[in-house]
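Mind folding the following:
(chains A and B)
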2 protein chains.
Amino acid sequence: MTQFVDVSSMAHWIQRDGVENIIGGMAKYIEDDFKRWESFDKIPRVASHTPFGVIELMPTSDHEIYSFKYVNGHPSNPARGFQTVTAFGLLADVDNGYPVFLAEMTLLTALRTAAASALVAKYLARPNSKRMAMIGAGSQSEFQALGFRALLGIEDITIYDIEPASIEKFRRNMEPLGFNIRVAESVDDAVLDADIITTCTADKAQNTILSDHQVKPGVHLNAVGGDCPGKTELDGAILDRSTVFVEFPPQTRIEGEIQQKDEDFPVTEFWQVLTGAATGRSSDEEITLFDSVGFAISDFSALRYCSDATKDSDLQQFIDLVAEPEDPRDLFSLVKVNSPVG
Amino acid sequence: MTQFVDVSSMAHWIQRDGVENIIGGMAKYIEDDFKRWESFDKIPRVASHTPFGVIELMPTSDHEIYSFKYVNGHPSNPARGFQTVTAFGLLADVDNGYPVFLAEMTLLTALRTAAASALVAKYLARPNSKRMAMIGAGSQSEFQALGFRALLGIEDITIYDIEPASIEKFRRNMEPLGFNIRVAESVDDAVLDADIITTCTADKAQNTILSDHQVKPGVHLNAVGGDCPGKTELDGAILDRSTVFVEFPPQTRIEGEIQQKDEDFPVTEFWQVLTGAATGRSSDEEITLFDSVGFAISDFSALRYCSDATKDSDLQQFIDLVAEPEDPRDLFSLVKVNSPVG
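Below you'll find the predicted structure:
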């Protein structure tokens, strides 16, 4: 039988352990897995595009555990009552190929994206960064804020969104948790005294959510929303002034902000900062930019963390996903008329 | 909620409707989908290879429905008490990207592989073919036999396997169902008066299960087991004497018997036989060869058929795979402490 964490159990787990604790623990798993980056099979995710959105499969393997995530991205969904992003994922045993752990990943992806963003910022933002400007108050925004508090102690948030209802939702969710929230009137206003800027918008277009003049020296930019061909958020001139850090270059060149640039636009692979093979921030004036698109290894880490944290608890159900005939060569025994069926 | 057919329900469905009825119905779905081949997104399956086996993802979409299958292939599994192949799969709504139907596919893949084999043979084997030689009596063998009876009326089977226990299992399963079964002493003996030869063995090696002299003019060859890089069953000389029909050439050139041949080895895409764009068998002396590797569109058809056939019955459960916050922009509402959780 395959272990299964459904939406309700995932929500219970997050309520039980707390978003910040989970993001902190998950970030450690991501850091450990990123440090052994070279031991993983890696390919750009496999995307099926339509006019309405995209459906993607994100596989990876460290040759002991295989994982994949199914995830969609449909920017027009919220206006129709659906979520932009939903997901589920799986861990399998490479040794025999059997699925072992299935989980909803809409919530889990929100946690892992925040964990990856905050982990990268912990290494790249200026020490003593205090204020984060957030452009975009959608589904991912609360998780980002909690991730940055968990890993960097950020409590001062300036929020901006073109939809007042989204800002109000963000404030309603976050103020009771002790954040100091300032609502900005514009992007210019939002970035005024920001040490870190997070862009996380959903529109599928080559937008300029952030213009060049809005990014001051020394800022760390956490660019989350540009994650699909034809979907970017940043003025290209910002990239020229920044040191750009990415997950997996072959995927980011297709999907990230750097899709605006030539194939040889210089980037640093973030895992190399963790191992010491590459330099992170080198001065207080440098602009560091995490061109985040979300990579399969983070999902691998998130699934492993969730599986470990919920093991042997009633948060895991069992589902009957893998046929198990008594004689493995006799699959037909399961469907003979009058065969006992489990 | 996502509809779900687990192993037990799949087995109950197959017992309720019967293997041959299901293969007959599924073959019609495959035929319909193959006829509109050009309307599908198609890529070679995405494989993660290890020394023990392979794990693959097989996505496709007709721009209304998206499907993918997870499937492993581990030839050394049966000796350790596991199955060579296990699988599960999903249908999703392209319009909003939401998963709608999840199913075990170990059993379903056995049915779809048999349905595809028999459908191709119905078009390519000599009319009035009476006897099928089967080399390999593993998990897939009974389904192949029932598929060929369902679509071609074949009742005379000659079976050969290097493992006597597998032959005995095949005979035990099939004789009560009215087949005339002859057990061969060797491959030479097995193919003596065969109109159709099915090869379906699991060993991952460049084997010669069938030698050139064993294939007489006029035979239809249903080559099922050569389906992975480094895994073939046929003497290359057989390919030179045959007209070779394939599913999706970019995948078959990687995985099929034609991996033994140059990139420009001539093949016919089977869907074109169905639409009339290509010729099938042209004489009673021609050797027709279906170099079957299994393609995502057959799984798409199999999932659709299973979903339709089990709809509104207690064979479908519901699983809580997709988070559904009341406000789609407020995913965080699901994990706020003291939030109600479904």
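
My understanding was that residue A:188 contacts residue A:214; is that so?
Yes: Residue A:188 is within contact range of residue A:214, at 6.3 Å (criterion: CB atoms under 8 Å). Backbone N, C-alpha and C define where each C-beta goes, glycine included.

Comparing the two, which residue is more hemmed in?
More neighbours surround residue A:214 than the other of residue A:188 and residue A:214, with 22 against 12 (other CB atoms under 10 Å in any protein chain shown).

Backbone dihedrals for the more buried one, both of them.
phi -90, psi 0 (degrees, to the nearest 10).

which stretches of chain A have low pLDDT?
For chain A, the stretches with pLDDT under 70 are A:338-342.

buried ones in the biggest helix by length in it?
Longest helix in chain A, counting residues (DSSP state H): helix A:106-124. Using 16 or more other CB atoms under 10 Å in any protein chain shown as the test for burial, helix A:106-124 gives A:106-124.

what's the next secondary structure element after that helix?
Sequence-wise, the next helix or strand downstream of helix A:106-124 (DSSP states H and E) is strand A:131-135.

just to revisit the earlier point, out of the buried residues of helix A:106-124, which touch chain B?
A:106-107, A:110 (CB under 8 Å from any CB of the partner chain).

could you dump these to JSON lines with distance to residue A:156?
Output for those, formatted as JSON lines (distance: CB to CB, whole Å):
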{"residue": "A:106", "distance to residue A:156": "29"}
{"residue": "A:107", "distance to residue A:156": "26"}
{"residue": "A:110", "distance to residue A:156": "22"}
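
which one of those residues is nearest residue A:84?
Among those, residue A:106 lies closest to residue A:84 (CB to CB), at 10.0 Å.

ok, the closest one touching residue A:89?
No: here residue A:106 does not reach residue A:89: they are 10.3 Å apart, not a contact under CB under 8 Å.

Next to chain B, which bits of the stretch 101-250 of chain A? Give me the list.
Counting by CB under 8 Å from any CB, the positions of the stretch 101-250 of chain A adjacent to chain B are A:104, A:106-107, A:110, A:137-140, A:142-143, A:165-166, A:169, A:173.

One more pass at 7 Å, please.
Where proximity means CB under 7 Å from any CB of the partner chain, the interface of the stretch 101-250 of chain A facing chain B comprises A:104, A:106-107, A:110, A:138-139, A:142-143, A:166, A:169, A:173.

can I see the domain layout of chain A?
Split into domains by automatic domain parsing, chain A comes to A:2-107+A:297-334, A:120-294.

Mind putting the ones you listed into a markdown table with distance to residue B:230?
A markdown table is the format used below for those (distance: least, CB to CB, whole Å):
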| stretch | distance to residue B:230 |
| --- | --- |
| domain A:2-107+A:297-334 | 17 |
| domain A:120-294 | 25 |
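
Looking at the ones next to chain B among the buried residues of helix A:106-124, spot the one nearest residue A:337.
Residue A:337 has its nearest neighbour among those in residue A:106, at 40.8 Å by CB to CB.

Contacts only, for that closest one.
By CB atoms under 7 Å, 6 or more residues apart in numbering or on different chains, residue A:106 lies in contact with A:83, A:85-87, B:322-323, B:331.

Tell me how far residue A:278 lies from chain B.
Distance, residue A:278 to chain B, by CB to the nearest CB, to the nearest Å: 27 Å.

That residue should be in a helix, yeah?
No: assessed with DSSP: H, G, I helix; E, B strand; the rest coil, residue A:278 is coil; it does not lie in a helix.

ok, and the closest non-adjacent residue to it?
Excluding its sequence neighbours, the residue lying closest to residue A:278 (CB to CB, 6 or more residues apart in numbering or on different chains) is residue A:272, at 3.6 Å.

The one you found touches residue A:279, doesn't it?
No: using CB atoms under 7 Å, residue A:272 is not in contact with residue A:279; the gap is 8.9 Å.

Torsion angles phi and psi at the residue nearest to residue A:74 when sequence neighbours are not counted?
If the residues on either side of it in the chain are set aside, residue A:74 comes closest to residue A:53, at 3.2 Å by CB to CB, 6+ apart. Dihedral pair for residue A:53: phi 170, psi -160, per degrees, to the nearest 10.

before we move on, what SS does residue A:32 have?
Under three-state DSSP, residue A:32 falls in the helix class.

ditto for residue A:324
Under three-state DSSP, residue A:324 falls in the coil class.

Now do it against chain B, distance only.
According to CB to the nearest CB, residue A:324 and chain B sit 8 Å apart.

Count residues in the vicinity of that residue, would you?
Residues lying near residue A:324 (other CB under 10 Å) number 17.

do the same with residue A:16
Using other CB under 10 Å, residue A:16 has 14 neighbouring residues.

Make sure I have this right: it is in a helix.
Yes: applying three-state DSSP, one finds residue A:16 inside a helix.

Name the nearest residue to it, ignoring sequence neighbours.
Going by CB to CB, 6+ apart, residue A:16 has residue A:315 as its nearest residue, at 8.0 Å.

go on, residue A:80?
Leaving aside its sequence neighbours, residue A:80 sits nearest to residue B:96 (CB to CB, 6+ apart; 7.1 Å).

Please apply the same query to residue A:333.
Take residue A:333 and drop its neighbours on the chain: the residue closest to it by CB to CB, 6+ apart is residue A:325, 5.1 Å away.
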